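*Asks:* My questions are about this predicted structure, shown below with the sequence.
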Amino acid sequence: MSLTLGEVADLDMPDKYILGISAFYHDSAACLLRNTEIIAAAQEERFTRKKGDARFPQNAVEFCLEEGDVAVDELAGVGFYDKPLLKFERILETYLGVVPRGFSSFLMAGPLWIKDKLYIDRQLRDSLKYSGELLYAEHHESHAASAFFPSPFESAAILTIDGVGEWATASIGIGRGNEIEILDELHWPDSLGLLYSAFTYYTGFKVNSGEYKVMGLAPYGEPKYVDTIYAELVDLREDGSFRLNQKYFNYLTGLTMTNGEFDKLMGGPPREPESRLTQREMDLARSIQVVCEEIMLRMAKTAHRKTGLDNLCLAGGVALNCVGNGRVLREGPFKHLWIQPAAGDAGGAIGVAQLVAYRHFSMPRTTGNFKDSMKGAYLGPSFTPDEIEQFLTSTGASYQRLDGEARPDRVAELLANEKIVGWFDGRMEFGPRALGARSILGGPRSPRMQADMDIKIKFREGFRPFAPAVLRERVSDYFELDTDSPYMLLVAPVREDRRIPLTADQHKLWGIDKLNVPRSDLPAITHIDYSARVQTVTRDTNAGYYDLIKAFEGLTGCAVLVNTSFNVRGEPIVCTPADAYRCFMRTNIDYLVLGPFLLDKATQPTRKETEEWRSEFQLD
Ligand SMILES: [Fe+2]
């Protein structure tokens, strides 16, 4: 069964509830619409506490249905974010084309596909206990829908770029009103996502999550390998399409991304994960980032030429490359850019649900006031003050309640005194970034803050600075940017008059040591190339967060906070008050805000006393 144009919806009919599901690859998720309104969306990993959980999103589905107060048999339709049979065809053809070389990875991947993925229809129905309408969209259509339908634009060009779906690895499309159309596709095995992942693997990071680290490492390096990449690996055309020379890659035939030929070309084997980073990895990271940005820019130009429109919507895993996005905005041909915050496969759940609403049920779409319909990405679970207090009492935690202005005033004072604060407030974010609902916050002016947060909280040796959250109306006082960036998906330069140039001696410092040299009057958020991953905050999407930054500004004159995700390394972002309290107690976070409650680490029960609640909440 495939997604086709359906009959025109009768507007006098009762509300239609539509469930979108993305699953079985990585980062499973569910999304619920009431007609076209996004009621709820969440990733399964947040509930199971298994990062990137790819299983059927049972918990996320249950949460969405509960949030919409709707039963499974009341759903008007369920959409799945890709077409398993087409994907299987691609996998089968790939392996048949390379047998016997590809046999080892076929044995690894094949049975999994046959067991889980080919029978998705039955599996979805069994897991959901659902017998109604089940619709499938193509993977890149789901990404394109997630990019355009929630955007503030009446019409826009759409660009999706990722690893691979069924066959497509990138697509250019057009959205108008309640319709989207894919105009052009780039096909497997030529994939920008997989090319970037190949370098992620080769520089010793984890494929599918370490790409962000490669991007963060790039400013430390020189683009030494760019010529080699163009000469040997990537045959790039003017329109942004390209061919990858498969002689150097192993993802068709083996279980790694790159092969011995790649090692010879780049002068050595891949870096062992967790081993020391060297200048070579930094140069490789810089080189692939330069190539990635060039391809993104060329694809954007082609999308502009094909559509003649001024607005661009982006999605797909590569759209999480916020450095590339910033260049597309500054140097590309489009006037306005909107990026789906859940640009990776989790966002496919939103995309397919909206396709069911707009295409299958032909629901009307309205836009206006340059506001998107993602609700700030605050689409996940929330907890009432009563629920939080019940938890706090049951754990024996020490806390005080702060109502009204007392909360922003007190927390701003703590932040001004360089305390680190866990901030848990309202509905959890959908997508990979923490945006002020499940965040760890600090003051940006202290030269020590970045190292403190990295080592004491995140338990990592960081080479990436943290992201700034800034009042929307003050963004251009700090950054060379005067546009909304609510989802931290744009990188912009720190204003020139805030920068501190390096001295001759500091220039000689090696790689990561440079990070400890303050680069601006906001050192904790300024990267060594003077860039920052900006989140703009408005009161209408997150009043509590806005009021806190405003109070901090009142005390210090600075309208910026340091924001990082509320989790430790390797753990999904916290979801519940129990997750947040556990993370607070295990790290050196000084204070914890749970809704209206403030917890001081110094007055919490000791480790020994917490034994009881640790077992009660099945911690460790
Ligand atoms: Fe994808």
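*Replies:* That came through, no problem.

*Asks:* State the distance from the residue nearest the centre of the chain to Leu128.
*Replies:* Residue closest to the average C-alpha location in the chain (CA atoms, centre = their mean): Pro432, at 3.1 Å. Using CB to CB, to the nearest Å, Pro432 is found at 26 Å from Leu128. The way it works is simple: take the backbone N, C-alpha and C, and place the C-beta from them, glycine included.

*Asks:* Send me stretch 136-150 as PDB with only the CA atoms.
*Replies:* Output of stretch 136-150 as PDB, limited to C-alpha atoms (Å, rounded to 0.1, in the frame of the first residue of the first chain):
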ATOM      1  CA  TYR A 136       4.000   4.400   3.800                       C
ATOM      2  CA  ALA A 137       5.900   7.400   2.400                       C
ATOM      3  CA  GLU A 138       9.400   7.300   0.800                       C
ATOM      4  CA  HIS A 139      12.200   8.200   3.200                       C
ATOM      5  CA  HIS A 140      13.200  11.500   1.500                       C
ATOM      6  CA  GLU A 141       9.500  12.400   1.000                       C
ATOM      7  CA  SER A 142       9.200  12.100   4.800                       C
ATOM      8  CA  HIS A 143      12.300  14.300   5.300                       C
ATOM      9  CA  ALA A 144      11.000  16.800   2.800                       C
ATOM     10  CA  ALA A 145       7.500  16.900   4.400                       C
ATOM     11  CA  SER A 146       9.100  17.400   7.800                       C
ATOM     12  CA  ALA A 147      11.100  20.300   6.400                       C
ATOM     13  CA  PHE A 148       8.300  22.100   4.600                       C
ATOM     14  CA  PHE A 149       4.900  21.500   6.200                       C
ATOM     15  CA  PRO A 150       5.900  22.800   9.700                       C
END
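
*Asks:* and it, how far out from the chain's middle?
*Replies:* Taking the mean of its C-alpha atoms, stretch 136-150 sits 16 Å from the chain's own mean (CA atoms, centre = their mean, to the nearest Å).

*Asks:* so Ala30 bridges to which residues?
*Replies:* Ile21, Ala42 (DSSP bridges).

*Asks:* What is the burial count for the nearest residue to Asp579 once chain neighbours are set aside?
*Replies:* Using CB to CB, 6 or more residues apart in numbering and skipping the chain neighbours, the partner closest in space to Asp579 is Arg49 (7.4 Å). Look at Arg49: counted by other CB atoms under 10 Å, it has 15 neighbours.

*Asks:* buried stuff in the top helix by length along the chain?
*Replies:* Using DSSP state H to define each element, the chain has its longest helix at helix 279-307. For helix 279-307, the neighbour count (16 or more other CB atoms under 10 Å) marks 280-304, 307 as buried.

*Asks:* Any figure for the gap between the nearest residue to Leu320 once chain neighbours are set aside and Gly165?
*Replies:* In space, Leu320 comes closest to Ala343 once its chain neighbours are excluded; the distance is 5.0 Å by CB to CB, 6+ apart. Noted for Ala343: a distance of 14 Å to Gly165, by CB to CB.

*Asks:* Now the common contact residues for the two.
*Replies:* His143 (CB atoms under 8 Å, 6 or more residues apart in numbering).

*Asks:* Just the residues contacting the host helix or strand of Ile38, thanks.
*Replies:* Assigned by DSSP states H and E, Ile38 belongs to strand 37-43. Under the criterion CB under 8 Å, 6+ apart, residues 27-33, 53, 57, 60, 63-64, 67-68, 150, 342, 346, 349-350, 353, 373-375, 379-381, 428, 430, 572 lie in contact with strand 37-43.

*Asks:* Now, these that are in strands?
*Replies:* Ala29, Ala30, Cys31, Leu32, Leu33 (DSSP state E).

*Asks:* Would you tell me which one of those comes nearest to the ion?
*Replies:* Within the ones in strands among the contacts of strand 37-43, the smallest distance to the ion is 12.0 Å, found for Ala29 (CB to the ion).

*Asks:* List the single closest residue to whichever residue of the stretch 451-600 of the chain sits closest to the ion in space, sequence neighbours excluded.
*Replies:* The stretch 451-600 of the chain approaches the ion most closely through Leu489 (16.1 Å), counting by CB to the ion. Counting by CB to CB, 6+ apart, Leu489 lies nearest to Ile339, which is 4.5 Å off, once chain neighbours are set aside.

*Asks:* Verify the stated contact: the one you found with Ala319.
*Replies:* Yes: Ile339 is within contact range of Ala319, at 5.3 Å (criterion: CB atoms under 8 Å).

*Asks:* between the two, what contacts are shared?
*Replies:* Ala147, Asn325, Leu489.

*Asks:* Among these, name the buried ones.
*Replies:* Ala147, Asn325, Leu489.

*Asks:* right, and the helix or strand after the helix or strand the first one falls within?
*Replies:* For Ala147, the element it lies in under DSSP H and E is helix 139-148. Using DSSP H and E, the helix or strand that follows helix 139-148 towards the C-terminus is strand 155-161.

*Asks:* That following strand pairs with which strands, parallel or anti?
*Replies:* Sheet partners assigned to strand 155-161 using DSSP bridges are listed as strand 168-176 (antiparallel), strand 311-315 (parallel).

*Asks:* List of residues touching that strand?
*Replies:* With CB under 8 Å, 6+ apart, strand 155-161 has contacts from 140, 143-144, 147-148, 168-177, 180, 192-193, 296, 299-300, 303-304, 306-307, 309, 311-319, 334, 338.

*Asks:* which ones are touching the residue in the stretch 151-300 of the chain positioned nearest to the ion?
*Replies:* The ion sits closest to Asp162 of the stretch 151-300 of the chain, with a gap of 3.6 Å, by CB to the ion. Asp162 makes contacts with His140, His143, Thr169, Ala170, Ser191, Gly193, Gly316, Gly317, Val318, Gly344, Asp345, as judged by CB under 8 Å, 6+ apart.

*Asks:* Neighbour-wise, which one of those residues leads?
*Replies:* Highest count within the contacts of Asp162 by other CB under 10 Å belongs to His143, 38 neighbours.

*Asks:* count of neighbours near Pro189?
*Replies:* 18.

*Asks:* how much space between it and Lys247?
*Replies:* Using CB to CB, Pro189 is found at 12 Å from Lys247.

*Asks:* Then Val421?
*Replies:* For Val421, the distance to Lys247 - CB to CB - is 52 Å.

*Asks:* what about the two, which has more around it?
*Replies:* Val421 (22 against 11).

*Asks:* list the contacts for the closest residue to Leu265 other than its chain neighbours?
*Replies:* Nearest non-adjacent residue to Leu265, counting by CB to CB, 6+ apart: Glu232, 5.8 Å away. By CB under 8 Å, 6+ apart, the contact set of Glu232 is Asn245, Tyr248, Leu265.

*Asks:* and Pro273, what helix or strand is that in?
*Replies:* When elements are assigned from DSSP H and E, Pro273 belongs to no helix and no strand.

*Asks:* excluding its backbone neighbours, what's nearest it?
*Replies:* That would be Gly204: by CB to CB, 6+ apart, it lies 4.8 Å from Pro273.

*Asks:* I'd guess Val562 is in a strand, am I close?
*Replies:* Yes: under DSSP: H, G, I helix; E, B strand; the rest coil, Val562 falls within a strand.

*Asks:* Pull the contacting residues for it.
*Replies:* Val562 touches 441-444, 449-450, 453, 466-469, 524-525, counting by CB under 8 Å, 6+ apart.

*Asks:* Please identify which pair of those residues lies farthest apart.
*Replies:* Using CB to CB, those reach their maximum pairwise distance at Gln450 and Ala469, which is 14.9 Å.

*Asks:* Tell me the gap between stretch 499-507 and the middle of its chain.
*Replies:* With CA atoms, centre = their mean, you get 33 Å for stretch 499-507.
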